[in-house]
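S.K.: The following block contains a protein sequence and its predicted model.
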6 protein chains.
Amino acid sequence: MRSNGRSSHQLRPMNLTVNVNKYAEGSVFIEMGDTKVLCTATVDEKVPPFLKGQGKGWVTAEYSMLPRATQSRNQREAARGKLSGRTMEIQRLIGRALRSVVNLQALGERTITLDCDVIQADGGTRTTSITGSFVAMAIAINKIAQQHKLPVFPITDFLASVSVGVVGEEPLLDLNYEEDSKAKVDMNLVMTGSGAFVELQGTGEESPFTRQELDELLKLGEQGIRELITKQKEALGPIALMIGSGQAGREA
Amino acid sequence: MRSNGRSSHQLRPMNLTVNVNKYAEGSVFIEMGDTKVLCTATVDEKVPPFLKGQGKGWVTAEYSMLPRATQSRNQREAARGKLSGRTMEIQRLIGRALRSVVNLQALGERTITLDCDVIQADGGTRTTSITGSFVAMAIAINKIAQQHKLPVFPITDFLASVSVGVVGEEPLLDLNYEEDSKAKVDMNLVMTGSGAFVELQGTGEESPFTRQELDELLKLGEQGIRELITKQKEALGPIALMIGSGQAGREA
Amino acid sequence: MRSNGRSSHQLRPMNLTVNVNKYAEGSVFIEMGDTKVLCTATVDEKVPPFLKGQGKGWVTAEYSMLPRATQSRNQREAARGKLSGRTMEIQRLIGRALRSVVNLQALGERTITLDCDVIQADGGTRTTSITGSFVAMAIAINKIAQQHKLPVFPITDFLASVSVGVVGEEPLLDLNYEEDSKAKVDMNLVMTGSGAFVELQGTGEESPFTRQELDELLKLGEQGIRELITKQKEALGPIALMIGSGQAGREA
Amino acid sequence: MRSNGRSSHQLRPMNLTVNVNKYAEGSVFIEMGDTKVLCTATVDEKVPPFLKGQGKGWVTAEYSMLPRATQSRNQREAARGKLSGRTMEIQRLIGRALRSVVNLQALGERTITLDCDVIQADGGTRTTSITGSFVAMAIAINKIAQQHKLPVFPITDFLASVSVGVVGEEPLLDLNYEEDSKAKVDMNLVMTGSGAFVELQGTGEESPFTRQELDELLKLGEQGIRELITKQKEALGPIALMIGSGQAGREA
Amino acid sequence: MRSNGRSSHQLRPMNLTVNVNKYAEGSVFIEMGDTKVLCTATVDEKVPPFLKGQGKGWVTAEYSMLPRATQSRNQREAARGKLSGRTMEIQRLIGRALRSVVNLQALGERTITLDCDVIQADGGTRTTSITGSFVAMAIAINKIAQQHKLPVFPITDFLASVSVGVVGEEPLLDLNYEEDSKAKVDMNLVMTGSGAFVELQGTGEESPFTRQELDELLKLGEQGIRELITKQKEALGPIALMIGSGQAGREA
Amino acid sequence: MRSNGRSSHQLRPMNLTVNVNKYAEGSVFIEMGDTKVLCTATVDEKVPPFLKGQGKGWVTAEYSMLPRATQSRNQREAARGKLSGRTMEIQRLIGRALRSVVNLQALGERTITLDCDVIQADGGTRTTSITGSFVAMAIAINKIAQQHKLPVFPITDFLASVSVGVVGEEPLLDLNYEEDSKAKVDMNLVMTGSGAFVELQGTGEESPFTRQELDELLKLGEQGIRELITKQKEALGPIALMIGSGQAGREA
């Protein structure tokens, strides 16, 4: 039996609170059980040097944990003077994942920066950051769409992320920290509303995994993603209708 | 007239929510108007090298702003690879202020680290951090006192901090960001429950200030500090009784 | 048609030259087409601090590209003063992959450091580094096994890595740089001699991929890995027999 | 009794030697007892990016200690690769203080950089740096005024700085290192020739201080500042007459 | 007797393999005994900021050792986050030496960057880097000369470098690592094809050296340089004829 | 004619002022014309890790220029966060040179750190630093010798350094900045009291130099060194007699 009486294919209790920040163009506070992440989306009317003059936009992400997000305090990366490999890997993943559902041409020469700050961590901080960031980004892009004539709404599909893993012999959905640290296989999935894969990262450091285990994990993950996207739609309300609609960017 | 109809000697609406973090020994979420800071206190059963073997404890602080705590996004110090002078100055101030009301001998060879993470900023983030950190520290030290036989409760007095300044010709209490950016004189006060000064930092970069202005600002600040300490007492409940009590550390 | 007349399921010409370095405990120069990597394995009779006193060993990796390994010169990370996110991600992957087939207990308190220096790059440098490093590591561990009484030979299985991807609509094995830059789906596989997965990293930044595409790519990759492991066995000669043998570490 | 037989309200022996550097636009070697600081002022015909095109100038400062300025050798910040919090705090203070008496509009688009290098330290290095830098700056600005038609001489008032503190129960003026390390209250004052406050930084880390102590310290400091400004006038000679004169910048 | 039966005035076996890199404008793999360096020359159609608009070119160099180029593994400078003093000294030397035989005016506004990566080290890595870099540079500059109308071929003379030293009482040419570590005097010479000195760096850390010892070492070095230049000519083939020819840059 | 009417073989006016620093074990302020360097020697009763337990001492040096030591202000290396290659090259040279005349065994497990801070620069700062540091070191080592029983006085010979160069066609001794920047050949010599070479660094970046030019420069330099050592002896007074005396370390 999992903690809180969860079944193997059950997500943790999830809350999405939108517009929690006074200044950001989009913001979401996402809670998956005891994992809590503040996601803010900032719109910048310019693009990085490598994209200048191409008429395309950019989506990027930064990720950080507060020092006491974890059981024991971890040193600030600002104090150490550099980002850890783990942080860089995660923020590259978040940015890549979000870009896969954004029509950068339709966005125009703008950059959306997603800041994912982990307030409390209990496993799955990178997947939770992706799921929350998607919502913050949609709110911010909707604001652009209401102010500027865009050819089409730039978000082409929904996007969410969840972890799956094998603990003991059992495949589990949405691992918390305790489960994650016992897992022999650990996989993060990022999928779209239409059920396609955007990222698939499985690792069997403790023990290589078989094709059959892979298939079971993918099935669990697909179901979890569907549930997460349902929650995203509720949180976004009318903005959800714009996503993948092919409508012109200006709502009214 | 100030925004929200505040009078010149009125604090902003203030909330102190205690125990907001699952892992930290002490934690507080403090809101002064739109300024919001998460303060966590971490207890470490060791001291920095320069104190080893002296039987004394240490209290230190770190301060950081989330990138979108402000109107426009500010770059992470972790990404820049170093702390700004402003951040270092603030965290040195917070640590120094808190140590002034802690009997380090009574604390024993332990370090309390206060992490002040500004979730949203609207002026007065350093003073708010001190006021909130004091409460988080008190909760953490009370936990130590309940687990270990201490000779005496290590916190000797209450401590709070507030800003005052001259805007136009008028002395104001507890400046928000807009007021702060127009102020010709800006002063931060840290005071104890018994009304003594711990830190006094006044600056008249725009325009030097007279002795009479100084006296008026000190009066405003003293009154604000008294009100803040009343709120701290409410938030701490029975722990408040231990502070400065001279009682043995173990509560019951 | 692919360059060099390769079919979609054909590896590039591959060479493994062993013992190319006078000083290293194990060394391999691996060429996959125009991708050339020098892999050296260094044995250190100690472990990182987090493992001290546990009687276990460690395997870690570092990865770097020479400045002119690529079409246009890239700045040295030593000159920039920090490792890029890409480099950190790759060296974490190499280390994690190799550890999955090493019995760290049997290795004893020793660290094996694999240095993968890309002399020339034409796609697939991370997968080539893993395939080459495995051989360098086996040579180095065999040297330990000949000098020390180990309870059992510490390498439990073969390990190789290859990339697969979808270019146009066609799934391809072992992408070179030109193919990689046109691929809409890109996947790196690390698998063992027994056909299990160690790492699976698929990304569809340009375009999400379906379950059917995933299945085809996995099939291509599995076949490629088998061929790579055959080459590793040839290069290792008698040492190959020790891998996964369960024999005592001392050969004779 | 203080060392050297000083009374509680007596400054240390003070020397100001002007024009000690062959290249700098302004330079002063200032000695307050055994504290010795070389202050050079550099004029740059441009301003930092945030001021460009506003027709205003800028004044900034850098501060450093030679390794053997102190009893035991301290490591160079250049060797450590970063400035300490203390250094940043001090150089921010010096720049802020000097700017308070400069009409940046009248200065035009120029930057004055004050370099304060502590050759030998015996307490009060930051206050001595401010007092000396003011003189170096006045010499440099006078050079500008002689070469360019300025609307008005850009320095509006004199400026000096001194420390005061409570040692034992006694308020003392201008603490040396030994006194400073025993002080329970420590305060740095920066004041203008007209007796207004520019910076007031008091700290009672060891023991909070009362309003009465504050008043006594301010009185001591005011008197010390007056004496320092008298010395500055002597050192500056005819340039002193330009300060706060409202005369056109060109002397003759 | 020296290792390999070398006499005191004999160079180690030397190989120069040209065009070893697919991408670089010039490349050489140079072996002097067990010292092996990969030298690549990159042509950039721009110059550093300090040379802009002067119609002159620049030649610069970077030097690095692979971690296991040496007996025991040395940490990567990229991992340490900064270049060592030794590395900076060596790359400054290589650049300075090469520039002495290049007519920068004739080169035009182009930068040649020489990357010297030591694959294996056995003494004399800096001198070997210079000798090899000269050849890589000549190949790269010849490529420019074939594509652009240059007023004259920009390389004015041959250039090579060798070490000499006193071991025991005997002056030796071209020291390997073992000899170098026993040498009481150590000298690196860089000379031109016409027998003039470009760099002369002698050091007697262990024991100062006399004028007579200096004269003997210079004689040994001059002879070694002549032999090295003969090898460079063979490796360069027809390009060798352009060097110092005063001919127009375009070959045909 | 050289500035100040110097002849080609004449040193600039030179002053050595000893014991200028209150705290350092040895200190010298050396002036060679307008080049002014403060040299302090610090004695530490321990050695770097690589020498621990060998009963030997160490001598090392650090070098820095004040920002306004030069015509135009140069940025602090502490602000840039790293030492330049030039600085590292110079401080390695100073340390190496001084060690050549110190019997490290006789020094015992102590480190002497020479700090050379250039107060004003007009050419020859590295050679002036060596000449001055030698004197500061001798004073510091004499202090050790007076306090501890040393087997023999650890300094074996005098040591000084000077620059020579070819300007136009004329060989000159002790170049100032203006001459140095016009020199086609530039050479730094470090020699002992007995006339042996410790370091010889000649560079002909602008134009390679002949054997005959080398011989003339060496002759000029030898003469300059003799004069410098005469000055060192005067400055050291009775301590000069200990150098190279072979006497027991304790003076009386």
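M.R.: Ah, there it is. Numbers count the residues shown, from 1 in each chain, chains lettered A, B, ... in the order given.

S.K.: How about the residues of chain A by chain B?
M.R.: A:21-24, A:27, A:34, A:38, A:40, A:42, A:44, A:62, A:64, A:66-73, A:76-79, A:81-83, A:87, A:113, A:115, A:117, A:119-120, A:122 (C-beta under 8 Å from any C-beta of the partner chain). For glycine as for every other residue, the C-beta is placed from the backbone atoms N, C-alpha and C.

S.K.: which residues touch residue A:170?
M.R.: Counting by C-beta atoms under 8 Å, 6 or more residues apart in numbering or on different chains, residue A:170 makes contact with residue A:8.

S.K.: burial count for residue A:210?
M.R.: 14 (other C-beta atoms under 10 Å in any protein chain shown).

S.K.: er, residue A:245 actually
M.R.: Residue crowding around residue A:245 was assessed by other C-beta under 10 Å; the count is 12.

S.K.: per-residue pLDDT, the spatially closest residue to it that is not a sequence neighbour?
M.R.: The spatially closest residue to residue A:245, leaving aside those adjacent along the chain, is residue A:153, at 5.8 Å (C-beta to C-beta, 6 or more residues apart in numbering or on different chains). The pLDDT attached to residue A:153 in the predicted structure is 95.

S.K.: Let me know whether residue A:153 touches residue A:146 as I believe.
M.R.: No - proximity of residue A:153 to residue A:146 does not meet the contact threshold set by C-beta atoms under 8 Å, at 10.8 Å.

S.K.: Between those two, which has more neighbouring residues?
M.R.: The neighbour comparison of residue A:153 against residue A:146 (other C-beta under 10 Å) goes to residue A:153, with 26 against 12.

S.K.: Please report the distance of the more buried one from residue A:243.
M.R.: 7 Å (C-beta to C-beta, to the nearest Å).

S.K.: What of residue A:136?
M.R.: For residue A:136, the distance to residue A:243 under the criterion C-beta to C-beta works out to 14 Å.

S.K.: Neighbour count: the two, which is higher?
M.R.: Higher neighbour count among residue A:136 and residue A:243: residue A:136, with 31 against 23, using other C-beta under 10 Å.

S.K.: can you tell me the helix or strand for that one?
M.R.: Using DSSP states H and E, residue A:136 maps to helix A:125-147.

S.K.: does any part of that helix sit near chain C?
M.R.: No - using C-beta under 8 Å from any C-beta, helix A:125-147 never reaches chain C; the gap is at least 13.0 Å.

S.K.: Can you name the element that comes right after that helix?
M.R.: As assigned by DSSP H and E, the chain's next helix or strand after helix A:125-147 is strand A:159-167.

S.K.: Could you name the helices and strands sitting against that next one?
M.R.: With contacts taken as 3 or more C-beta pairs under 8 Å, 6 or more residues apart in numbering or on different chains; DSSP states H and E, strand A:159-167 sits against helix A:85-99, helix A:125-147, strand A:170-173, helix A:177-182, strand A:185-192, helix A:211-236.

S.K.: could I get these as CSV with mean pLDDT?
M.R.: Supplementary listing: those in CSV, determined by pLDDT from 0 to 100:
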stretch, mean pLDDT
helix A:85-99, 96
helix A:125-147, 97
strand A:170-173, 96
helix A:177-182, 94
strand A:185-192, 97
helix A:211-236, 97
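
S.K.: which one of those lies closest to residue E:109?
M.R.: Shortest distance between residue E:109 and those, using C-beta to C-beta, is found for helix A:85-99: 36.5 Å.

S.K.: Could you check the closest one against chain E for contacts?
M.R.: No - applying C-beta under 8 Å from any C-beta, one finds that helix A:85-99 is not in contact with chain E, the shortest distance being 11.3 Å.

S.K.: The helix holding residue A:136 versus strand A:159-167: what angle between them?
M.R.: Orientation of helix A:125-147 against strand A:159-167 (axes from the mean of the first three to the mean of the last three C-alpha atoms, to 10 degrees) gives an angle of 170 degrees.

S.K.: hmm, back to that, report the buried members of the residues of chain A next to chain B.
M.R.: A:21, A:23-24, A:27, A:34, A:38, A:40, A:42, A:44, A:62, A:64, A:66-70, A:73, A:76-78, A:81-83, A:87, A:113, A:115, A:117, A:119-120, A:122 (16 or more other C-beta atoms under 10 Å in any protein chain shown).

S.K.: Could you list which of those residues belong to strands?
M.R.: With DSSP state E as the criterion, strands contain A:27, A:38, A:40, A:42, A:44, A:62, A:64, A:113, A:115, A:117, A:119, A:120 from among those.

S.K.: And the furthest pair within those?
M.R.: Of all pairs drawn from those, the one with the largest separation by C-beta to C-beta is A:44 and A:120; the distance is 28.6 Å.

S.K.: circling back: residues contacting the residue nearest to residue A:245?
M.R.: If a contact means C-beta under 8 Å, 6+ apart, then residue A:153 has A:106, A:141, A:145, A:242, A:243, A:245, A:246, A:247, A:248, A:249 as its contacts.

S.K.: Buried among those? Need that as a selection in ChimeraX.
M.R.: Here is the ChimeraX selection string for the buried members of those, based on 16+ other C-beta under 10 Å:
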select /A:106,141,145,242,243,249
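
S.K.: Tell me how far residue A:212 lies from chain E.
M.R.: With the distance defined as C-beta to the nearest C-beta, to the nearest Å, residue A:212 ends up 40 Å from chain E.

S.K.: can you check residue A:55 too?
M.R.: Residue A:55 sits 27 Å away from chain E when distances are taken as C-beta to the nearest C-beta.

S.K.: Name the nearest residue to that residue, sequence neighbours excluded.
M.R.: Closest residue in space to residue A:55, ignoring its immediate chain neighbours: residue A:109 at 6.3 Å, by C-beta to C-beta, 6+ apart.

S.K.: Roughly how far does the one you found sit from residue A:143?
M.R.: The spacing between residue A:109 and residue A:143, counted by C-beta to C-beta, is 16 Å.

S.K.: just residue A:94 next, same as before
M.R.: Shown here: residue A:94 relative to residue A:143, a distance of 20 Å by C-beta to C-beta.

S.K.: Same question for residue A:167.
M.R.: Distance of residue A:167 to residue A:143, given as C-beta to C-beta: 42 Å.

S.K.: Mind checking which of the two has more residues around it?
M.R.: Legend: neighbour count by other C-beta under 10 Å for residue A:167 and residue A:143, higher for residue A:167 (19 against 15).

S.K.: residue contacts, that one?
M.R.: Counted by C-beta under 8 Å, 6+ apart, residue A:167 has contacts A:175, A:179, A:182, A:183, A:184.

S.K.: Repeat that for residue A:58.
M.R.: Applying C-beta under 8 Å, 6+ apart, one finds that residue A:58 lies in contact with A:47, A:48, A:51, A:99, A:104, A:110, A:111, A:112.

S.K.: Filter those down to the ones in strands?
M.R.: The subset of those located in strands under the criterion DSSP E comprises A:111, A:112.

S.K.: between the contacts of residue A:58, which is nearest chain F?
M.R.: For chain F, the nearest member of the contacts of residue A:58 is residue A:48. The distance, counting by C-beta to the nearest C-beta, is 23.9 Å.

S.K.: Right, I'll leave it there.
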